[in-house]
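Trainee: turn this into a model:
(one chain, ligands or ions: 1)
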Amino acid sequence: MITFDAVHKRFPNGTTAVHDLTLEMPEGGITVLVGSSGCGKTTTLRMINRMVDPTSGTIRLGGKDILEQDAAELRRGIGYVIQQAGLFPHRTVLDNIATVPLLLGWGRGKARARAAELLETVGLTPDAGKRYPHQLSGGQQQRVGVARALAADPPVLLMDEPFGAVDPVVRTQLQDELLRLQKELNKTIAFVTHDIDEAVRLGDRIAVFRTGGHLVQYAAPAELLARPADPFVADFLGAERELKLLSLTTLAEVPQQRATTVREGEPVPGTGSALGTGHHLVISARGEPLGWPAPDGALLPVRPLRDTDTLLAAVNESIASPTGLVARVDADGVLTGVTSRETIHEYAGRRHQEAARPDRAPVSSRTGANAGAGAGADTNAGADEGTGADAGEGTGASTVAVKDGSV
Ligand SMILES: Nc1ncnc2c1ncn2[C@@H]1O[C@H](COP(=O)(O)OP(=O)(O)OP(=O)(O)O)[C@@H](O)[C@H]1O
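Mentor: Purely as a prediction, here's the structure:
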């Protein structure tokens, strides 16, 4: 959808911001541009809507050279979102969102109706529409910025560090919202960030740039994490890149075993004994996990996971769980089984080995398709001591054996 062909940008002061860039941003996908400060990300983005023109090379949008199109018309098909939203301070939120439809001559009523609809789409109340930007939080302002960019329903969105100025919790919420919106809207999005975690979370493809405007690697997140092209990219991805890879795989294919449960209010076998309570899980009348009983009868917290949760969340929970068991629930929060720390770690290792194999086809999964169920890599079959279940076994295969403090 957006292609760069040998694009070069040299500013009049002699700075080369973008060097011989050839790259294709897929239609309906999120392409993230990452790299340290000054490596040419913003310039690359701005060349797409002709805020900056390339010195040489060709950029095509939907197959057409952008330099052969009228800049104003080109921009009508491209929404632009920047850090701190860039809202007009003296216009209400609703009028801010209605800006482009009004410029396009939609008429006030229609433009405002569209703005009200978008307010809801980005998760804001109708009341927010009547306020001025300074009366909203930073995160709310960013939502308005996204709504404004979407107002004329452009097929392309350029987002330049749109969530850079909000705290990490709000940032995660905004990322979730963007992914939710993108499922519905299927825009072609070019997204600039400094933050590799944000890139991995959002990107269908990630372009890593180095100072001087050089593209160093362009790949799907899993491939980038598993096979960084060189030490620069590996450094940029950080020491935890193997863990980040686990954030791209869901738990769906990791087997579970039947849990040993006790209904809330019923006596827990072993409570008060020096041997502890084993691995009974206290559940509600509906079957929701409530906690792991400690020997003194107190309930230790359980954080149940769904099949849609990531392998990274499972590794995290397996470390935190007092029993080493991770409780698994269905979409209604009802217990379906448990998975041992060993099984989770085995799958995590297998996932990494598979992704890292140099002879593999490019890793393109954001969906967990490479989760590695029964793929025949080192299975470490004996590791599940106590559960009686091999990694390849299906659900409900055995009861969790009670051992003194270990599984
Ligand atoms: N109008 C300009 N005139 C001269 N040099 C410029 C101009 N705009 C950008 N540059 C230079 O081009 C290089 C790339 O800048 P650009 O803003 O594209 O980088 P960036 O990767 O987006 O940086 P940041 O992450 O800090 O926003 C930098 O060295 C910058 O100083």
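Trainee: how far does stretch 299-307 stretch from start to finish?
Mentor: Across stretch 299-307, the terminal residues are separated by 24 Å (CA to CA, to the nearest Å).
Trainee: now that stretch: average pLDDT?
Mentor: Averaged across stretch 299-307, pLDDT comes to 92.
Trainee: check stretch 127-139 too.
Mentor: Computed over stretch 127-139, the average pLDDT equals 86.
Trainee: in that stretch, which residues are buried?
Mentor: Going by neighbour count (16 or more other CB atoms under 10 Å), the buried part of stretch 127-139 is 128-129, 133, 136, 139. For the C-beta atoms, the positions are set from N, CA and C on the backbone; glycine is no exception.
Trainee: check the offset of it from the chain's centre.
Mentor: Centre-to-centre, stretch 127-139 and its host chain are 26 Å apart (CA atoms, centre = their mean, to the nearest Å).
Trainee: what residues does that stretch touch?
Mentor: 84-85, 87-94, 96-97, 115-116, 119, 140-141, 144, 165-167, 170-171, 173-174 (CB atoms under 8 Å, 6 or more residues apart in numbering).
Trainee: just the CA trace of that stretch, in CSV.
Mentor: Output of stretch 127-139 as CSV, limited to C-alpha atoms (Å, rounded to 0.1, in the frame of the first residue of the first chain):
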residue,chain,number,x,y,z
ASP,A,127,-19.9,15.1,28.1
ALA,A,128,-16.2,15.2,27.1
GLY,A,129,-17.2,16.6,23.7
LYS,A,130,-18.4,19.9,25.3
ARG,A,131,-15.2,20.5,27.1
TYR,A,132,-12.0,22.2,26.0
PRO,A,133,-8.8,20.2,25.5
HIS,A,134,-7.2,21.6,28.7
GLN,A,135,-10.1,20.2,30.7
LEU,A,136,-9.2,16.6,29.7
SER,A,137,-6.4,14.4,30.9
GLY,A,138,-3.4,13.7,28.7
GLY,A,139,-4.7,10.2,27.8
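Trainee: that older thread, narrow the contacts of stretch 127-139 to those in strands?
Mentor: Nothing among the contacts of stretch 127-139 maps onto strands, per DSSP state E.
Trainee: if we check the ligand, which of those are in contact?
Mentor: On the criterion CB under 6 Å from any ligand atom, none of the entries of the contacts of stretch 127-139 sits beside the ligand.
Trainee: which residues of this protein lie near the ligand?
Mentor: Within the chain, the residues that sit near the ligand (CB under 6 Å from any ligand atom) are 11, 13, 15, 17, 35, 37-43, 194.
Trainee: and these, which are buried?
Mentor: Buried subset of the residues of the chain next to the ligand (neighbour count, 16+ other CB under 10 Å): 17, 35, 39-43.
Trainee: how is this protein carved up into domains?
Mentor: The record's domain parsing of the chain by automatic domain parsing lists 2-239, 261-384.
Trainee: got TSV for the ones you listed, with distance to Leu248 too?
Mentor: Shown next, in TSV, are the domains of the chain (distance: least, CB to CB, whole Å):
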stretch	distance to Leu248
domain 2-239	5
domain 261-384	6
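Trainee: which one of those domains lies nearest to Leu246?
Mentor: domain 261-384 (3.9 Å; CB to CB).
Trainee: that closest one: how far from the chain's middle?
Mentor: Between the centre of domain 261-384 and the centre of its chain there are 22 Å (CA atoms, centre = their mean).
Trainee: hang on, the earlier thing: and the residues of the chain next to the ligand, which two are the farthest apart?
Mentor: Longest distance between any two of the residues of the chain next to the ligand is 23.7 Å, between Asn13 and His194; criterion CB to CB.
Trainee: and the helix or strand of the chain with the lowest mean pLDDT, C-alpha only, in CSV?
Mentor: Each helix and strand of the chain was given a mean pLDDT (mean pLDDT, DSSP states H and E); the minimum falls on helix 99-103 at a mean of 81. Below are the C-alpha coordinates for helix 99-103, written out as CSV (Å, rounded to 0.1, in the frame of the first residue of the first chain):
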residue,chain,number,x,y,z
THR,A,99,-12.2,19.9,11.9
VAL,A,100,-11.5,17.9,8.8
PRO,A,101,-15.2,17.1,7.9
LEU,A,102,-15.9,20.8,8.2
LEU,A,103,-12.9,21.6,5.9
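Trainee: fine by me, thanks again.
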